[in-house]
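[1] Sharing a sequence plus its predicted fold:
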Amino acid sequence: MEICSKKYFINFIIIFFLTTSINAEISFKNLEKKTVSYLDFFLLKYENQLSKRAHMLGTQMVPTRVQYSNIGIQVNFDKKNKEIFTKIYAVMDKNRYSKKKYNQKLSDCNQVRNLIFYKKHGYKFFTQKRDPSFSQDIMEDIFKETFFNNINFREEEIKFLLDKMYIEVTVFHPINKKELVCSGKINDYELN
């Protein structure tokens with residue numbers, strides 16, 4: 001009786017592995033036949049790059065800007081209007097701003113966008129005024145190099161996409177429960 005049950009068990013294992021490998025082969029063949037559009041590939045790469053770059057807003061040892069504890073990023077493609085929307089949610093550090101009084105400013109929104117997209121503040125250190133050396137052309141060049149690298153888009157396709165990309169940045173103050181929202185095109189010199 002024991003020998004018979006061992007044979008059944010061994011046969012079961014063999015059949016299990018054979019059917020599993022056949023199903024895996026069918027699945028890979030089906031996946032290989034599927035195509036991905038350049039737009040889908042770009043959106044995936046774009047969102048992935050943004051997620052990687054969100055660490056730029058991490059807490060600093062010597063604070064030179066607003067400190068954030070959480071960053072959320074969401075990318076949506078509006079098929080109806082053919083536009084790409086990026087939403088960034090930045091939550092100010094609760095511990096720091098429960099002790100220090102601070103109200104969000106438009107420059108905070110712009111710095112969130114600038115740091116994630118361009119790895120630059122875009123504002124002068126002492127005056128906190130907009131840095132004129134960080135122009136819209138420089139922003140566009142950095143954006144192209146970062147997000148269109150290794151994607152076979154022509155220059156007119158890149159310009160078309162840049163024209164159809166919008167951003168909304170929300171800076172949330174966890175103590176005052178106030179939020180500041182600014183928005184515009186992805187490479188606008190200043191968001192409103």
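    Happy to help now that I have it.

[2] Partner strands of the helix or strand that residue 184 is a member of and their direction?
    Secondary structure from DSSP states H and E places residue 184 in strand 178-185. Sheet pairing here is set by DSSP bridges, and for strand 178-185 it gives strand 165-173 (antiparallel).

[3] now the partner strand: how far from the chain's centre is it?
    12 Å (C-alpha atoms, centre = their mean, to the nearest Å).

[4] With just CA atoms, put it into CSV.
    C-alpha atoms of strand 165-173 as CSV (Å, rounded to 0.1, in the frame of the first residue of the first chain):
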residue,chain,number,x,y,z
MET,A,165,2.1,68.2,-19.5
TYR,A,166,0.6,69.9,-16.4
ILE,A,167,1.5,69.9,-12.8
GLU,A,168,-0.3,70.6,-9.5
VAL,A,169,1.7,70.9,-6.3
THR,A,170,0.0,70.8,-2.9
VAL,A,171,2.0,71.8,0.2
PHE,A,172,0.2,70.7,3.3
HIS,A,173,0.8,72.1,6.8
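
[5] Now do that strand, average pLDDT.
    The average pLDDT within strand 165-173 is 94.

[6] Next: stretch 105-125.
    88.

[7] follow-up on the earlier one: residues contacting the strand holding residue 184 from elsewhere in the structure, which ones?
    Applying C-beta atoms under 8 Å, 6 or more residues apart in numbering, the contact partners of strand 178-185 are 103-106, 108-110, 162-163, 165-173, 190-192. Where you see a C-beta, it was placed from the backbone N, CA and C, and this is true even at glycine.

[8] can we see that at 7 Å?
    104, 106, 108-109, 165-172, 191-192 (C-beta atoms under 7 Å, 6 or more residues apart in numbering).

[9] show me the contacts for the residue nearest the centre of the chain.
    Nearest to the mean C-alpha position of the chain, by C-alpha atoms, centre = their mean, lies residue 50 at 2.8 Å. Contacts for residue 50 were tallied using C-beta under 7 Å, 6+ apart; they are 73, 116.

[10] Okay, and it sits in which element?
    helix 38-53.

[11] in its sheet, what does the helix or strand following that helix sit against?
    Sequence order places strand 68-78 as the next helix or strand after helix 38-53, per DSSP H and E. Strand 68-78 has the following strand partners under DSSP bridges: strand 83-92 (antiparallel).

[12] So what does residue 139 have for phi and psi?
    phi -60, psi -40 (degrees, to the nearest 10).

[13] Determine the number of other residues adjacent to it.
    By other C-beta atoms under 10 Å, the residues close to residue 139 number 20.

[14] buried subset of the contacts of strand 178-185?
    104, 108, 109, 165, 166, 167, 168, 169, 170, 171, 172, 191 (16 or more other C-beta atoms under 10 Å).
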